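Enquirer: Any chance you could fold what I've pasted below:
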Amino acid sequence: MTDALMIAAQAGFVVMGVWVTHVDIHEHRIPNRLVVTLAGLLLALCAAASVAGGSIAPLGRAAAGAVLLGGVYGILRAASRGALGGGDVKLAVPVGFLLAWDGWAPLLVGSGLAFVIGGIWSTALLLARLGTASTAVAFGPFMVLGAVLGLAIT
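Expert: Predicted coordinates for the structure are as follows:
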């Protein structure tokens, strides 16, 4: 039962992540309703999985991961003077929650991959002369992709 609930949580993340990606690429924003829906879905399914599995440890770790990644993104937003959007900070909370449920390694790998993939994409835009250092790049898609890849390889 626990595995089925977590598969549902991960599938829900992918579906919502595709939606977030679409909106962020086209509008350069991540709507609160998407982030709140995603966070609620993950919380409900992970809480149910925790009850079914008889341990609240993964749920506690997931909550800690959500706070940790959300905090790191908040600091990065402040340091970047707004180059990193508020939607990215909010999206970091459910991303951190989902990744940390599986452990600290998935949190580290999945969140790190977002920056690696985003950096590669931005560098390619610069090298192809399709953008400049001031070109706005939606970061939400890289957060979603990094999380999915992080879960897949850890």
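
Enquirer: contacts and neighbour counts: CA atoms only from here.
Expert: Fine.

Enquirer: got the contact list for the closest residue to residue 13 other than its chain neighbours?
Expert: Nearest residue to residue 13 in three dimensions, chain neighbours excluded: residue 38, at 6.8 Å (C-alpha to C-alpha, 6 or more residues apart in numbering). Residues near residue 38 by C-alpha atoms under 8 Å, 6 or more residues apart in numbering: 12, 13, 16, 94.

Enquirer: How about residue 70?
Expert: 89, 90, 91, 92, 93, 96.

Enquirer: roughly how far apart are the second one and residue 104?
Expert: Here the criterion is C-alpha to C-alpha, to the nearest Å. By it, residue 90 lies 20 Å from residue 104.

Enquirer: Those two: which has the busier surroundings?
Expert: Set side by side, residue 90 and residue 104 show more neighbours around residue 90, with 22 against 15, by other C-alpha atoms under 10 Å.

Enquirer: list the contacts for that one?
Expert: 32, 35, 70.

Enquirer: Repeat that for residue 98.
Expert: Counting by C-alpha under 8 Å, 6+ apart, residue 98 touches 10, 42, 62, 66.

Enquirer: The residue most central in space within the chain: what's it in contact with?
Expert: Nearest to the centroid of the C-alpha atoms of the chain, with distances taken as C-alpha atoms, centre = their mean, sits residue 95, at 3.1 Å. Contacts here follow C-alpha under 8 Å, 6+ apart; on that basis residue 95 touches 66, 69, 143, 144, 147.
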